[in-house]
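Novice: coords please:
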Amino acid sequence: MVRLIVFLPFLTPLCWIPKIQTMQLEEERMMASLTQDELARIQIVMRAIAPIPLLSNLALIICVLLIKSRRTSIGYMQLSLAIMDILCSIGFSIGNVIVPNIPLCTVVGVFMQFCLHASSTWSLLCCVYCFLTIQYNSKVAESHWISYHLYGWGVPTIFTVAMFVCQAVLRRGNVIGDATFECWIAPQYADLRVALLYPILWIHFLIIGILYISIFKMINKATSEIASSTAYGSAMSISYKGGGGGGGGSRSLFNSNDHVGVLVSEENLATSSLIQVNGTKTPPPATTTATTGASRPVSYSNFTKAASTMGSETELDTCSNKLPKMPPIPPTIPLPPPPPPPPVPLQPKKGGKAVEAKLQSSSRKLIAKTCIVAFGFVISWTPATAARIMGLIPGVQIPFWLSMTMGIGFATQGIWNAGAFFIAFFWDQIVN
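Specialist: As a prediction, the model looks like this:
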């Protein structure tokens, strides 16, 4: 993606040389369609709007420089874009009143060409950075930092130098002059206004739209996955807790009161068959029952202690008739292996609900920012593109309302970046 963007300027013609040198110039027809009074009214409106982008972008710069959380890579990219928008707004505020001062008009025209392109390139690069961060991670996005600056400042430089290359090739006079609303490309190079700005401008806008749609899809996909994981994990947990013989609550497989050993209940002994002792089958041993009815094993400690003090086998046989008849020592009954533990239910990811809510908020924020950027681009550059192209068609006169819309678009072109920035900055307060 980054490599494709780097080669975009070379896909756009640096210079459009018309074969018909006698074509009617766009600026002459526009000036003929606008009276001095109409032009003055448009310039008044433009200068009335100019403080808005100036102040909003200045506030953006202050926020990035003073607020630590905003001093990030994307913050500095937006700062670069804000500086370009401020310079463009100053150029449109000055207008064409400095045209008689050729050196000053030339300097302003060069800055206008550079800043218009830089504003477009940095708008695209901010979107590319966000796309790489979401698609991969921030390290991948920041690994292209040098490429961002090469493209962000290199493309404007190429198109600015291209103006003077075309001036040397076409030889129509000074390439910088009166562009109706500002000092920019002169009337005798009206075709260069379209060739050296609007194609790359609309290519950038198209890529920005594609990237925003891709980012939106990725956020929605992540939100859906987290929501599905949370819902499935909750259902599994409820199912596990509700099972187990109708107990109604979660139970452990092995209770702390369960005793595993030689303790055999009276009921188990009664239902069991003969017990294997030393290779012979003997009846089950007797048990004593407490008043509570619970079964417990007979104690043979006294018997074993007496037997251990006996001498020979004969003495034991002689004395055995004097001892009370005691049942044989019961063996340890082998227990079956315990069943495998139940499967651990899939638990929802820790903080899954919070992450899902955050992603949904980010998705809505992205929609708001995308709408602002798209609406702003259409308002700022669609009338200008239409008017510049109409000006190149012989016999077509540009209406006053289109010229007024074009002037308003130029004046507002620096508002949208700052507007998207502050929408994101105050998003939580706006939503709440």
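
Novice: List the contacts of the closest residue to residue 59 other than its chain neighbours.
Specialist: The spatially closest residue to residue 59, leaving aside those adjacent along the chain, is residue 418, at 7.1 Å (Cβ to Cβ, 6 or more residues apart in numbering). Just so you know, the C-beta spots here come from the backbone N, C-alpha and C atoms, and that holds for glycine as well. Residues in contact with residue 418, defined by Cβ atoms under 8 Å, 6 or more residues apart in numbering, are 53, 56, 57, 59, 60, 82, 85.

Novice: how near is the nearest residue to residue 372 once chain neighbours are set aside to residue 174?
Specialist: Spatial nearest neighbour of residue 372, excluding adjacent residues (Cβ to Cβ, 6+ apart): residue 420 at 4.8 Å. According to Cβ to Cβ, to the nearest Å, residue 420 stands 37 Å off from residue 174.

Novice: more crowded one of those two?
Specialist: residue 420 (22 against 14; other Cβ atoms under 10 Å).

Novice: wait, isn't that one in contact with residue 371?
Specialist: No: contact status for residue 420 versus residue 371: not in contact, 9.2 Å apart, counting by Cβ atoms under 8 Å.

Novice: Mind exporting the C-alpha coordinates of the host helix or strand of residue 429 to PDB?
Specialist: Assigned by DSSP states H and E, residue 429 belongs to helix 427-431. In PDB, the C-alpha atoms belonging to helix 427-431 read as follows (Å, rounded to 0.1, in the frame of the first residue of the first chain):
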ATOM      1  CA  TRP A 427     -16.200  12.100  21.500                       C
ATOM      2  CA  ASP A 428     -16.900  10.700  25.000                       C
ATOM      3  CA  GLN A 429     -18.400  14.000  26.100                       C
ATOM      4  CA  ILE A 430     -20.500  14.300  23.000                       C
ATOM      5  CA  VAL A 431     -21.900  10.700  23.300                       C
END
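
Novice: Thought residue 115 was touching residue 87, still the case?
Specialist: Yes: assessed by Cβ under 8 Å, residue 87 is found in contact with residue 115 at 4.5 Å.

Novice: Run a quick neighbour tally on residue 417.
Specialist: Residues within reach of residue 417, counting by other Cβ under 10 Å, total 25.

Novice: what does residue 191 give?
Specialist: 21.

Novice: three-state assignment of it?
Specialist: Here residue 191 is recorded as helix under DSSP: H, G, I helix; E, B strand; the rest coil.

Novice: swap in residue 173?
Specialist: Per three-state DSSP, the local secondary structure of residue 173 is coil.

Novice: wait, doesn't it sit right on residue 187?
Specialist: No: Residue 173 lies out of contact with residue 187 (Cβ under 8 Å); the separation is 9.6 Å.

Novice: Neighbour count for the two, which is higher?
Specialist: residue 187 (20 against 12).

Novice: Please name the spatially closest residue to residue 74 (chain neighbours excluded).
Specialist: Per Cβ to Cβ, 6+ apart, closest to residue 74 is residue 129, 5.5 Å.

Novice: How about the contacts made by that neighbour?
Specialist: So residue 129 contacts 73, 74, 77, 141, 148 (Cβ under 8 Å, 6+ apart).

Novice: Can you flag the buried ones in those residues?
Specialist: Among the contacts of residue 129, those buried by neighbour count (16 or more other Cβ atoms under 10 Å) are 74, 77, 141, 148.

Novice: Closest one of these to residue 365?
Specialist: residue 74 (13.8 Å; Cβ to Cβ).

Novice: distance of that closest one from residue 134?
Specialist: Going from residue 74 to residue 134 by Cβ to Cβ gives 12 Å.

Novice: Ok, residue 123 next?
Specialist: 18 Å.

Novice: So between the two, which is more surrounded?
Specialist: residue 123 (26 against 19).

Novice: and the gap between the more buried one and residue 173?
Specialist: For residue 123, the distance to residue 173 equals 33 Å [Cβ to Cβ].

Novice: same check, this time on residue 84
Specialist: Residue 84 sits 28 Å away from residue 173, going by Cβ to Cβ.

Novice: again with residue 52
Specialist: Using Cβ to Cβ, residue 52 is found at 36 Å from residue 173.

Novice: any idea where the helices of the stretch 1-150 of the chain begin and end?
Specialist: 2-6, 8-11, 26-33, 36-49, 51-66, 73-94, 102-135, 138-142, 145-170 (DSSP state H, counting those that start in this stretch).

Novice: What residues sit buried inside the fifth one?
Specialist: Residues 52, 53, 54, 56, 57, 60, 61, 63, 64 are the ones in helix 51-66 that count as buried (16+ other Cβ under 10 Å).

Novice: Number of residues surrounding the spatially closest residue to the first one that is not a sequence neighbour?
Specialist: Just to be clear, that refers to residue 52. Excluding the flanking residues, the one nearest residue 52 by Cβ to Cβ, 6+ apart is residue 415, at 5.8 Å. Neighbour count of residue 415, defined by other Cβ under 10 Å: 21.

Novice: try residue 431
Specialist: 10.

Novice: With residue 204 instead?
Specialist: Neighbours of residue 204 (other Cβ under 10 Å): 23.

Novice: what's near enough to touch it?
Specialist: The contact partners of residue 204, by Cβ under 8 Å, 6+ apart, come to 8, 120, 121, 123, 124.
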